[in-house]
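# what's the 3D shape of this:
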Amino acid sequence: MKKLLTLGVTALFAMSTMALASPDKDAVIAAEKEAWQNIKDKKFDAFQKMLASDFRGVYANGINKSDKEVADVRTLDFKSFTLGEMDVVFIDKDAAMVSYPVTIEGTEGGKDISGKAYAASIWKKDGTGWRIVFHTDMKAE
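Residues are numbered from 1 along each chain as shown. Have a look, this model is predicted:
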């Protein structure tokens, strides 16, 4: 009987933990998708508002702070993008990492960047919602 009670309590705890994490997971996924859509739609002011003040982007050509990130995304011209299945891992209750494949059709500074890539972002919750703290992506081989 004790074993059954322990199993029941453990299952209840696990289900309640999953239920509590789900809205935040959905919010992080929605925010990641919104960031990509803002870039595609050239809503650069909206994109900039999504960046945390301590944002860093790590790419083959260097490390960006928020001002450089916004300047760089202004050179992007997406005809389309498709985000693959997103894996969200919560670092703590106010920080999450999301990783996923992405297929892009478009250019950066006039140079074709079409193809498959892998991306990862870290988001942190502040008083007004989720903000991007870190992003990286790389072309798939």
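# contacts for the one helix or strand residue 120 maps to?
Assigned by DSSP states H and E, residue 120 belongs to strand 115-126. Contact with strand 115-126 is made by 24, 28, 31-32, 35, 52, 91, 93-104, 130-140, as judged by CB atoms under 8 Å, 6 or more residues apart in numbering. Placement of C-beta: from N, CA and C, glycine included.
# Go ahead and name everything in contact with the next helix or strand after that strand.
On the C-terminal side of strand 115-126, the nearest following helix or strand under DSSP H and E is strand 129-139. Contact with strand 129-139 is made by 27-28, 31, 35, 50-52, 54-60, 69, 95-96, 102, 113, 115-125, as judged by CB under 8 Å, 6+ apart.
# Please pick the buried ones from these.
Buried members of the contacts of strand 129-139, scored by 16 or more other CB atoms under 10 Å, are 27-28, 31, 35, 50-52, 55-57, 69, 96, 102, 117, 119-125.
# now the closest residue to residue 95 other than its chain neighbours: how far from residue 36?
Nearest non-adjacent residue to residue 95, counting by CB to CB, 6 or more residues apart in numbering: residue 124, 4.8 Å away. With distances taken as CB to CB, to the nearest Å, residue 124 is found 19 Å from residue 36.
# Ok, residue 136 next?
Distance from residue 136 to residue 36, by CB to CB: 14 Å.
# same check, this time on residue 138
Applying CB to CB, the value for residue 138 to residue 36 is 16 Å.
# quick one: low-confidence parts of the protein?
Within the chain, the stretches with pLDDT under 70 are 1-22.
# Which strand in it has the most residues?
Ranked by residue count, the top strand of the chain under DSSP state E comes out as strand 95-108.
# buried set for that one?
Using 16+ other CB under 10 Å as the burial criterion, the residues of strand 95-108 that qualify are 96, 97, 98, 99, 100, 102, 104.
# Same list (those) but as a markdown table, adding distance to residue 42.
What follows is the buried residues of strand 95-108, written out as a markdown table (distance: CB to CB, whole Å):
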| residue | distance to residue 42 |
| --- | --- |
| 96 | 27 |
| 97 | 27 |
| 98 | 23 |
| 99 | 26 |
| 100 | 22 |
| 102 | 18 |
| 104 | 15 |
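# any idea which of those residues is closest to residue 87?
The closest of the buried residues of strand 95-108 to residue 87 turns out to be residue 99 (CB to CB; 5.2 Å).
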